[in-house]
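> the sequence isn't on hand, but the structure is:
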Ligand SMILES: Nc1ncnc2c1ncn2[C@@H]1O[C@H](COP(=O)(O)OP(=O)(O)OP(=O)(O)O)[C@@H](O)[C@H]1O
Ligand SMILES: [Mg+2]
């Protein structure tokens, strides 16, 4: 009998795993073994990016055998750090290269998503976050996205101090630096705001196909297929929820906690999907899929519509359109994985 995790089994007093002993930010399970060797460039810009990222990761400051820092000597003012900004469409391998850089580097290093950084600064305070990442000489930051003026200021302050300490930063984004914040807040003011940070980054643009399309694209299942797969699911325990039950559950937690909701599970079964009616639910679901994708959990969904109709057509022209398209790309990969 399939072992099910019901919503009522979820802990009600979730606490975020941020705090000194838990601050080991590492790539999530999906990217735990990615390397430069198992990256197969599909476009010349990808070969160029792979070589540049690798060189950058190897050159990041690292401790010598005696414990002193090469290229960074605490008694002197450190050389300001520099950054690489990997910009490109969905599934071109930006996160793959980011995690490969993390694995390859022998620096003291941290890997986290932009959202986790913003949240950590919120929880620890600016001084606490600076302290938490003080020893990191390589900071790998996935999905850089300045979508809120408050976050922009926080991240700018954080990164300015990190660069001043000599930290090397690699980040990924679906949005080129000059378009960050577009459609969400005052572009002029924003440009002035991030100017000093933007000029520390070298932008690498990755073109090419969505690598996820190499897989058989996933689709929604009929009730019968869904039930049959659930009965013989081996990725246990299973979280099985009605679609509307999931949306209600997600609205009760801060998105940073979705990882904690999902972590005990092996797979997630969502029954009777219907199109998302409001932007808040849509953004929460996007976060949920991002986390499920990173954790490399199984996902099956039943419903009788094409998955492309999940997000309302009006969203395609909104400032959040990229998030929705990225979510569809990840959903197709997840739903296609392990299809018999
Ligand atoms: N050129 C490649 N060679 C081998 N594996 C790849 C390549 N490109 C992508 N992949 C794999 O395809 C999947 C999607 O890649 P990845 O998540 O790195 O893309 P991304 O550019 O970060 O996409 P997104 O914009 O959605 O974040 C991952 O499992 C990754 O390991
Ligand atoms: Mg990515």
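Nice, thanks for sending it over. Since this is a predicted model, take the numbers as computed values, not measurements. Residues are numbered from 1 along each chain as shown. Ligands and ions are numbered 1, 2, ... in the order given.
> going forward, measure contacts between C-alpha atoms and count neighbours the same way
OK.
> hey, where'd the strands end up in the stretch 151-300 of the chain?
Along the stretch 151-300 of the chain, the segments classed as strands by DSSP state E, counting those that start in this stretch run 168-173, 201-206, 238-242, 267-271, 298-301.
> deepest-packed of those strands, please.
Looking across the strands of the stretch 151-300 of the chain with neighbours counted as mean count of other C-alpha atoms under 10 Å, the highest average goes to strand 168-173: a mean of 25.
> tell me which other helices or strands that strand touches.
Strand 168-173 makes packing contacts with strand 83-88, helix 94-104, strand 138-142 when contacts are defined by 3 or more C-alpha pairs under 8 Å, 6 or more residues apart in numbering; DSSP states H and E.
> quick one: closest of the strands of the stretch 151-300 of the chain to ligand 1.
Distances from ligand 1 to each of these were compared using C-alpha to the nearest ligand atom; the minimum, 6.9 Å, belongs to strand 168-173.
> mind listing residues that contact the closest one?
In this structure, residues lying in contact with strand 168-173 by C-alpha atoms under 8 Å, 6 or more residues apart in numbering are 60-61, 81-88, 94-95, 98, 137-145, 163.
> for residue 45, which non-adjacent residue is spatially closest?
Nearest-residue entry for residue 45: residue 206, 5.3 Å, with adjacent residues in sequence omitted and distances by C-alpha to C-alpha, 6 or more residues apart in numbering.
> hmm, residue 85 and that neighbour touching each other?
No: using C-alpha atoms under 8 Å, residue 206 and residue 85 do not qualify as a contacting pair, with a distance of 10.4 Å.
> any idea which helix is longest in the chain?
For the chain, the longest helix by residue count, based on DSSP state H, is helix 114-132.
> touching, residue 80 and residue 159? I think so.
No: with contact defined as C-alpha under 8 Å, residue 80 and residue 159 do not form a contacting pair (11.1 Å).
> the two: which is more packed in?
More neighbours surround residue 159 than the other of residue 80 and residue 159, with 19 against 16 (other C-alpha atoms under 10 Å).
> any idea how far the more buried one lies from residue 282?
30 Å (C-alpha to C-alpha, to the nearest Å).
> can you tell me the closest non-neighbouring residue to residue 26?
residue 111 (4.9 Å).
> and that neighbour, that one's in a strand?
Yes: assessed with DSSP: H, G, I helix; E, B strand; the rest coil, residue 111 lies in a strand.
> in contact with it, which residues?
25, 26, 27, 99, 102, 139, 140, 141, 142 are the contacts of residue 111 under C-alpha under 8 Å, 6+ apart.
> residues from the stretch 1-150 of the chain in reach of ligand 1?
Where proximity means C-alpha under 6 Å from any ligand atom, the interface of the stretch 1-150 of the chain facing ligand 1 comprises 38-42, 89-96.
> then the stretch 151-300 of the chain?
Applying C-alpha under 6 Å from any ligand atom, we find that the stretch 151-300 of the chain lies next to ligand 1 at 174, 211, 212.
> among these, name the ones in helices.
Short answer: these have none in helices (DSSP H).
> how far away is residue 274 from ligand 1?
Spatial separation of residue 274 from ligand 1 under the definition C-alpha to the nearest ligand atom, to the nearest Å is 23 Å.
> I'd say that residue and residue 243 touch.
Yes: A contact is recorded between residue 274 and residue 243 when judged using C-alpha under 8 Å, the distance being 7.4 Å.
> gap between the nearest residue to residue 58 once chain neighbours are set aside and ligand 1?
Nearest-residue entry for residue 58: residue 105, 5.5 Å, with adjacent residues in sequence omitted and distances by C-alpha to C-alpha, 6+ apart. With distances taken as C-alpha to the nearest ligand atom, residue 105 is found 18 Å from ligand 1.
> which residues are in contact with residue 105?
Contact analysis of residue 105 by C-alpha under 8 Å, 6+ apart lists 57, 58, 60.
> which of the residues you listed sits closest to ligand 1?
The shortest gap between ligand 1 and any of these belongs to residue 57, at 16.6 Å (C-alpha to the nearest ligand atom).
> in this protein, which segments are predicted with low confidence?
1-24, 62-78, 183-187, 190, 338-340 (pLDDT under 70).
> can you pull out the helices in it?
44-59, 94-104, 114-132, 149-164, 187-198, 223-231, 243-251, 258-262, 279-295, 321-336.
> among the ones you listed, which comes closest to residue 33?
Closest approach to residue 33 among the helices of the chain is made by helix 94-104 (7.9 Å; C-alpha to C-alpha).
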